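Colleague: okay, here's the prediction I keep looking at, along with the sequence it came from:
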Amino acid sequence: MDLSLEEAVRGAVADAAVVVPVGSGTHAEVGGPIPSGTPVRAPCGIVTYDPAELTVTAYAGTTIGDLDDELGAHAQECALDPRDRRATIGGLLAVGLSGHRRLRHGPLRDRVLEVRFVTGDARLVRGGGPTVKNVTGFDLPRLLVGSYGTLGVLTRVILRCQPTPRTTAWWRTADDPAVVRAHLVAPSTIAWRGDGTWVLLEGDPEDVATQARAADLAASDPPVWPDAAHRGRISIAPGRVREVAEALNRVDELAWLAEWGVGTVHVAADTAVGLQAARDAATAAGGWLLREAGAPGLDGFGVDVPNLTVTARVKAAFDPAGKLAPGRLPIPHPARQREAS
């Protein structure tokens, strides 16, 4: 382990007036605007990997593709599941977007055991621990996931691994997803588009085949995830997915695909107006839409930050001068407010 690599990040943060943590750029459009400032990158590479302990330590600048290749050589994986394998570990954790296998494997934050990061005042901080049963102190790994680089620049992480399933197969049926779900045990994904239901099953080949027969599934290619110039992700109570889907069907030139049982609905529109309409549908059903790409005039989040007072205090504690990705999240900062006035 080369400590000088993290020291270089610490020095870059200390010297900069405004810090813009950057990875590979695959998630650059997600969320709020990227400020002008000094780009700071985390080092890359696998630090240590112990297949017997099912943990891997990697620098945050490592791409998911390189991580997958390293673990795959030992028949293991880390269920991060980004849309683009060029994404870096740190960048993916920073935006906090869970992959399509969340139904079985849980949210992205569950993969993270330990983080090391540089705060706005150039402290190198460690949170968490190398074991699953680490329960001492505040849960900094979960706090950093989804923080958009506003609390610190991730430099190194320890991730939880798991054996690669012996069988991974997609299936399809015309049946309603609620009916399909009743016949399955721990499916990895149930994706629904109104005109069909896709299921991802993983595990022992015989078990997978038995579940497919029970649910009357037919072997299939994976579903096509919505993609267009303007893209977003709706978060909604799982029980209200059908309600949102009905509203989305009334929006012209909009594609959608829902993760049944999770409450995530992926949407893509040919126009920014279409993405706004999808946000309106989500809001009306008590949810919200995160802009993932396009629609530059559309606010990244569309909702107020919950517990704003506490959130602002946390931001100030980790970033006293407000120099870390200001504006990336809609969090007021006393230092930046004083400068503006």
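Modeller: On my side now, so go ahead. Residues are numbered from 1 along each chain as shown.
Colleague: name the helix or strand for A282, please.
Modeller: Per DSSP states H and E, A282 falls inside helix 272-284.
Colleague: what's the helix or strand just after that helix packed up against?
Modeller: Later in the chain than helix 272-284, the nearest helix or strand by DSSP H and E is strand 288-293. Under the contact definition 3 or more C-beta pairs under 8 Å, 6 or more residues apart in numbering; DSSP states H and E, strand 288-293 sits against strand 230-235, helix 272-284. To be clear about C-beta, it is placed using only N, CA and C from the backbone, and glycine gets the same treatment.
Colleague: export those to a markdown table and tack on mean neighbour count?
Modeller: Formatted as a markdown table, the helices and strands packed on strand 288-293 follow (neighbours: other C-beta atoms under 10 Å):
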| stretch | mean neighbour count |
| --- | --- |
| strand 230-235 | 23 |
| helix 272-284 | 20 |
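Colleague: pLDDT score assigned to R336?
Modeller: If you check R336, the pLDDT there is 55.
Colleague: let me fix that: G31
Modeller: 88.
Colleague: re earlier: need the helices and strands packed on strand 288-293 in a markdown table with mean pLDDT, can you?
Modeller: Listed next are those as a markdown table, based on pLDDT from 0 to 100:
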| stretch | mean pLDDT |
| --- | --- |
| strand 230-235 | 97 |
| helix 272-284 | 97 |
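Colleague: export the ones you listed to CSV and tack on distance to Q162?
Modeller: Shown next, in CSV, are the helices and strands packed on strand 288-293 (distance: least, C-beta to C-beta, whole Å):
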stretch, distance to Q162
strand 230-235, 25
helix 272-284, 32
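Colleague: identify whichever of these lies nearest to E292.
Modeller: The stretch from the helices and strands packed on strand 288-293 with the least distance to E292 (C-beta to C-beta) is strand 230-235; that distance is 4.5 Å.
Colleague: residues contacting the residue most central in space within the chain?
Modeller: In the chain, the centroid-proximal residue (C-alpha atoms, centre = their mean) is L97; its distance is 1.4 Å. Contacts for L97 were tallied using C-beta atoms under 8 Å, 6 or more residues apart in numbering; they are H27, V30, P82, L108, R233, E292.
Colleague: which of those residues are buried? Put it as a PyMOL command.
Modeller: In PyMOL, a selection of the buried entries from those looks like this (16 or more other C-beta atoms under 10 Å):
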select buried, resi 27+30+82+108+233+292
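Colleague: where along this protein do the helices fall?
Modeller: 3-15, 64-72, 89-95, 102-105, 140-144, 177-181, 205-214, 241-248, 272-284, 308-318, 334-340 (DSSP state H).
Colleague: can you mark which positions in stretch 326-335 are buried?
Modeller: In stretch 326-335, counting by 16+ other C-beta under 10 Å, buried: P326, G327, R328, L329, I331, H333.
Colleague: list of residues touching that stretch?
Modeller: 18, 31-35, 147-150, 301, 304-305, 308, 311-312, 315-316, 319-322, 336.
Colleague: among the residues you listed, name the ones in strands.
Modeller: For these, not one is inside strands, with DSSP state E as the criterion.
Colleague: just the buried residues of the residues you listed.
Modeller: So, by 16+ other C-beta under 10 Å, the buried ones in the contacts of stretch 326-335 are 18, 31-32, 34, 147-150, 301, 311, 315-316, 319, 321-322, 336.
Colleague: a markdown table for the buried residues of stretch 326-335, including pLDDT?
Modeller: Formatted as a markdown table, the buried residues of stretch 326-335 follow (pLDDT from 0 to 100):
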| residue | pLDDT |
| --- | --- |
| P326 | 94 |
| G327 | 90 |
| R328 | 91 |
| L329 | 90 |
| I331 | 87 |
| H333 | 70 |
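Colleague: which one of those is nearest T197?
Modeller: Lowest distance from T197 to the buried residues of stretch 326-335 (C-beta to C-beta) belongs to L329, with 35.1 Å.
Colleague: least trustworthy helix or strand in this protein by mean pLDDT?
Modeller: helix 334-340 (a mean of 57; mean pLDDT, DSSP states H and E).
Colleague: gap between the residue nearest to G91 when sequence neighbours are not counted and L154?
Modeller: Spatial nearest neighbour of G91, excluding adjacent residues (C-beta to C-beta, 6 or more residues apart in numbering): G23 at 2.9 Å. Applying C-beta to C-beta, to the nearest Å, the value for G23 to L154 is 9 Å.
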